[in-house]
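K.L.:
Kindly generate the corresponding structure for this input.
(2 chains)
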Amino acid sequence: MAGADSPSAALRRRDLCARGIRLVGKMRSDVIDLLDTYMERQGLDASANVAAVEGVPPAAVERWDEQTGTQRLLENLAAYRAFRALLAQMLEEQREQLGEADTALGRALAAVLLQVSAFAYHLEELLRLESRSPPSEEGDGPPPQPRLSLFEQKLRGLGVLRELAQWALRSARDLRQLAKPGPGTGSAPSLAESP
Amino acid sequence: KNLKCTTHNLHKMICTWDVSSRRRHGQTDFCYTTNDLPPLVCFKTKEKRVEIPVPESSSTVTITTNSISGTAFATKEFEIHKKDVLFVPVTPRILSLTPDFSTSTINLKWSDNGSVFPYGLDAFWQIQILRKETMEKVTEVTYYSKLTHEDVVLSWNWTSDMPLECTSHYAKIRCYINITQFAGLKDWSNWSPVEVLPGKDADPSGSGVFPLDTVVAVGSDVTFCCVHEEDENIINMSYGSKPYPMIQLSSRSYAIRVLNANASDASGTNVVCRLKNGMMDGTVLFVGYAPDIPQNLSCETPNFLTIKCTWKPGRPSGLYGKRRTKYSLFERMSGKNVSCEVNEMNRERVCGFPVLADQKTYDFILGVSNPIGQAESSLLVDITQRVHPKTPEKLTVSESNSTSIHLRWFINGSFAEIRLLCQIEISNGHSEQKLYNVSMPGGKFSTYTVQLNALHPYTKYQFKVRCSAADHFWRWSDWSRVEEHTTSEA
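P.N.:
Numbers count the residues shown, from 1 in each chain, chains lettered A, B, ... in the order given. Below is the predicted model:
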């Protein structure tokens, strides 16, 4: 694994982490707003119980503390790539089902999709900073979804947005973890060694 | 005793009888004459049932019952008159029972066995549809047909008031043939064996809410059902946000009935079935209107390249996305059909159709359809009488002398087949405004020129122009941009 960071790399990482935390914070508030709009427009209520969405890694993780920095970034990246694909599919379904009838919901979905894409790119930047090339995208992303009924599509959309809101929380925590300076060296631990 | 003869085909009849004695008995000697003419026909039978010809008038029958050892112990003679013979058609058999889940329609096919009977007899078919595990009768209809001395497959459709997936449906049929020339008694056939159309609740892994993602007209009554797996239970079923009383169809299927459905939102109204395990299943109902007949259909050409048709859509359908109302423009003479891209949210409706070579008259049919219904409007139009040119462009002024100028402008379009009438508005600072009309041959993507004389020297003028068809005026183009010019001093 690479030796201790150079001061500029540490500074760069801290900057990227800080910007990432801001980006994911904005994304989370937009997702929360979108969730309200989505439920209202799709006639769902908050009590709707949705099964785990196939293809999206759950935000909850066991032994969060024991994860290495690289694991954090790789898991985050896999999740946001999956969200990117799922949100793109939601947008396509929304256009197919509603056409021009609900462009506001469409625009809100597109805005969140943009932020998810931006954050995925941000995570790739962080990985590259550690001279770690991001995993290729072939074969990545959720498996081809079976043809769902409209109600199932609505529930899946709700599940995606709920999980995305959870992931935004987790990502902020992960990035704060990554941004922490290492013990005694005045620089953040290189990703592989972070506790 | 109780000798009874029944015929299924007017030629042969099956006679049955009872033996009143309790003694054990062996074979029976059965003898008969037809129409009381020899020969006497006799045979032995173990059963109390024989098949013999239907008599023209009557038959005499002698039945001798023998003991186990073969000695006769009872003999009875009967006179069977044709009028005592009972005609009962052969029990019909359902050939196929086919569901169309999208329309909740069952198609039932059966053979009328007509070849057995003379041509032209009236036949009546009673069909029963039954439902649920308790096989409750849902409907009974009488279907009429005429026999043609051939075996004809008859077909009948029935639309259920609930999705066919909800629970098993059953069908049975019987018939009555009105044989006027048969003097005997007549009765309905037996019921056919029951044919079943299994519902999802008969499928061990079957579950779901039905109908699935369907579209109905405002005011419809709709039955929804929730079929759940064996070890599950339903807590409640709701339409929109309102729970509805549940009707049990079977141990695994419950229904709710929504009456007089209101228009749904763009994303449809959810029908949700909440299960004990906390999960939800559901479907979406889209409730909207069939398209109105398009009003004020009007078509014109701006440039003799395309024809632009507009209309008033009438009441919005309330259906969007892939369920939206779709428009197509069909032209009868050329047979050409164009589908129109229409934005449901925008009130104005426009559709373009290409001007066809050597065709001036167009017989348009504007077709409008959505999942609930369709409508159409038609219009016969000669496009040379419906010219609405585009706005004149590139208006320029060039001076001949202090009192005369040339105006030039360009019109995008191909007007070679008509004459144009253009109107020039001349105004100057003294609020003097004149309109000057000029007619000229149309051109193909041409520039047009007009000379204006008798202007005042050293005067500032504003010019603008608009054009239309000269011979069959339809509509003016919009005014061009204003072009200013000050004439030189005299």
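
K.L.:
so what's B:Leu426 bridging to?
P.N.:
Slight slip there: residue B:426 is Ile, not Leu. With DSSP bridges as the criterion, B:Ile426 is bridged to B:Lys434, B:Phe463.

K.L.:
Could you list which residues are in contact with it?
P.N.:
Contact analysis of B:Ile426 by C-beta atoms under 8 Å, 6 or more residues apart in numbering or on different chains lists B:Gln433, B:Lys434, B:Leu435, B:Tyr436, B:Leu452, B:Leu455, B:Tyr461, B:Gln462, B:Phe463. For every residue, glycine as well, the C-beta is placed using N, CA and C.

K.L.:
now the second one: how far from chain A?
P.N.:
Meaning B:Lys434. 47 Å (C-beta to the nearest C-beta, to the nearest Å).

K.L.:
Check the fifth one too.
P.N.:
In this structure, B:Leu452 lies at 48 Å from chain A, with C-beta to the nearest C-beta as the measure.

K.L.:
how about the nearest residue to that residue, chain neighbours excluded?
P.N.:
B:Ile405 (5.4 Å; C-beta to C-beta, 6 or more residues apart in numbering or on different chains).

K.L.:
Excluding chain neighbours, give the residue nearest to the residue nearest to the spatial centre of chain A in space.
P.N.:
In chain A, the centroid-proximal residue (C-alpha atoms, centre = their mean) is A:Tyr80; its distance is 3.6 Å. Closest residue to A:Tyr80 apart from its sequence neighbours, by C-beta to C-beta, 6+ apart: A:Ala120 at 4.2 Å.

K.L.:
can you pull the buried residues of the helix or strand hosting that neighbour?
P.N.:
Assigned by DSSP states H and E, A:Ala120 belongs to helix A:103-129. Residues of helix A:103-129 classed as buried by neighbour count (16 or more other C-beta atoms under 10 Å in any protein chain shown): A:105-106, A:108-109, A:112-113, A:115-120, A:122-127, A:129.

K.L.:
can you pull the contacts of the residue nearest to B:Leu452?
P.N.:
B:Val397, B:Ser398, B:Glu399, B:Gln451, B:Leu452, B:Leu455, B:His485, B:Thr487.

K.L.:
wait, what's in contact with A:Arg41?
P.N.:
By C-beta under 8 Å, 6+ apart, the contact list for A:Arg41 reads A:Asp102, A:Leu105, B:Asp265, B:Ala266, B:Ser267.

K.L.:
ok, now how distant is it from B:Asp265?
P.N.:
7 Å (C-beta to C-beta, to the nearest Å).

K.L.:
what's the answer for B:Gln385, then?
P.N.:
Relative to B:Asp265, B:Gln385 is positioned 45 Å away (C-beta to C-beta).

K.L.:
quick one: which of those two has more around it?
P.N.:
Using other C-beta atoms under 10 Å in any protein chain shown as the criterion, B:Gln385 and B:Asp265 rank with B:Asp265 on top: 19 against 15.

K.L.:
The more buried one: what secondary structure?
P.N.:
Classification of B:Asp265 by DSSP: H, G, I helix; E, B strand; the rest coil places it in coil.

K.L.:
Correct me if wrong: it contacts A:Gln97.
P.N.:
No - counting by C-beta atoms under 8 Å, B:Asp265 does not reach A:Gln97; the two are 11.4 Å apart.

K.L.:
least confident pick among the contacts of B:Ile426?
P.N.:
Scanning the contacts of B:Ile426 for pLDDT, the low point is B:Gln433. It has 85.

K.L.:
residues near that residue, how many?
P.N.:
Neighbours around B:Gln433, by other C-beta under 10 Å: 10.

K.L.:
burial of the residue lying closest to it once chain neighbours are set aside, as a residue count?
P.N.:
Residue nearest to B:Gln433 in three dimensions, not counting chain neighbours: B:Ser427, with 4.3 Å by C-beta to C-beta, 6+ apart. Neighbours of B:Ser427 under the rule other C-beta under 10 Å: 16.

K.L.:
In three-state terms, how would A:Leu87 be classified?
P.N.:
What three-state DSSP gives for A:Leu87 is helix.

K.L.:
how close does it sit to A:Arg156?
P.N.:
Distance from A:Leu87 to A:Arg156, counting by C-beta to C-beta: 11 Å.

K.L.:
Looking at those two, which is more packed in?
P.N.:
Shown here are A:Leu87 and A:Arg156; by other C-beta under 10 Å, A:Leu87 has more neighbours (25 against 22).

K.L.:
beta partners of the most centrally placed residue in chain B?
P.N.:
By C-alpha atoms, centre = their mean, chain B has its centre lying nearest to B:Gly373, at 8.3 Å. For B:Gly373, the beta-bridge partners are B:Asn370 (DSSP bridges).

K.L.:
How far off centre is stretch B:8-17?
P.N.:
Centroid displacement of stretch B:8-17 relative to its chain, using C-alpha atoms, centre = their mean, to the nearest Å, is 46 Å.

K.L.:
Spell out which parts of the stretch 151-300 of chain B neighbour chain A.
P.N.:
With the criterion set to C-beta under 8 Å from any C-beta of the partner chain, the stretch 151-300 of chain B comes near chain A through B:208-209, B:212-213, B:240-241, B:265-272, B:278-284.

K.L.:
Repeat the analysis, applying 6 Å as the threshold.
P.N.:
By the rule C-beta under 6 Å from any C-beta of the partner chain, the part of the stretch 151-300 of chain B lying against chain A is B:Leu212, B:Asp213, B:Ala266, B:Ser267, B:Asn270, B:Gly278, B:Met280, B:Gly282, B:Thr283, B:Val284.

K.L.:
if I pick B:Lys276, what's in contact with it?
P.N.:
Neighbouring residues of B:Lys276 by C-beta atoms under 6 Å, 6 or more residues apart in numbering or on different chains: B:Asn233, B:Ile235.

K.L.:
let's see it at 7 Å
P.N.:
Neighbouring residues of B:Lys276 by C-beta atoms under 7 Å, 6 or more residues apart in numbering or on different chains: B:Glu232, B:Asn233, B:Ile235.

K.L.:
what does A:Pro57 give?
P.N.:
Residues near A:Pro57 by C-beta under 7 Å, 6+ apart: A:Glu75, A:Ala78, A:Ala79, A:Ala82.

K.L.:
Which residues are in contact with the first one?
P.N.:
Meaning A:Glu75. Contacts of A:Glu75 (C-beta under 7 Å, 6+ apart): A:Pro57.

K.L.:
quick one: the helix or strand hosting it to chain centroid distance?
P.N.:
According to DSSP H and E, A:Glu75 maps onto helix A:69-98. Here helix A:69-98 is found 7 Å from its chain centre; the criterion is C-alpha atoms, centre = their mean.

K.L.:
Please identify the buried residues of that helix?
P.N.:
A:69-70, A:72-91, A:93-95, A:97-98.

K.L.:
Would you enumerate the residues in contact with the spatially closest residue to B:Ala263 that is not a sequence neighbour?
P.N.:
Leaving aside its sequence neighbours, B:Ala263 sits nearest to B:Gly318 (C-beta to C-beta, 6+ apart; 4.6 Å). Contacts were defined as C-beta under 7 Å, 6+ apart; by that measure B:Gly318 touches B:Ala263, B:Gly288, B:Tyr289.
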